[in-house]
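> My questions concern the predicted model and sequence given below.
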Amino acid sequence: MIKRMILVLALTVMLVGTALSASAQEFDEESGKLDDYNEPRAPKCGWYYFEETRQYDAWWEYWCYWRGWGWEFVFWTWA
């Protein structure tokens, strides 16, 4: 009887823990909603200016950030 009660209690704790971890989502500040990582989203892209050396060697680079994957270099041009 005690063994069954311990088994039922252990299984209940595991099920509750699994349900809580499966329903955990992060809040997306940009959209103001809970974040769904399975939903595809458009990348955030922009131009970035680099003047690492001399002024006439400076250039612009266009980069995109894909959520869940990272940065991707797209294009560059002289400034």
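Sure thing, it's come through. Numbers count the residues shown, from 1 in each chain.
> W63 bridge partners, please.
W63 has these beta-bridge partners by DSSP bridges: G46, F73.
> Please list all residues in contact with it.
C45, G46, Y48, W71, E72, F73, V74 (C-beta atoms under 8 Å, 6 or more residues apart in numbering). For every residue, glycine as well, the C-beta is placed using N, CA and C.
> Can I get those residues in CSV including neighbour count, pLDDT and distance to Y65?
Below are these laid out as CSV (neighbours: other C-beta atoms under 10 Å; pLDDT from 0 to 100; distance: C-beta to C-beta, whole Å):
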residue, neighbour count, pLDDT, distance to Y65
C45, 12, 92, 8
G46, 10, 91, 9
Y48, 10, 86, 11
W71, 11, 89, 5
E72, 12, 88, 8
F73, 9, 87, 11
V74, 12, 89, 11
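> what's the burial count for C64?
If you count neighbours by other C-beta atoms under 10 Å, C64 ends up with 15.
> same question but for F50, I mixed them up
12.
> With that, I have no additional questions.
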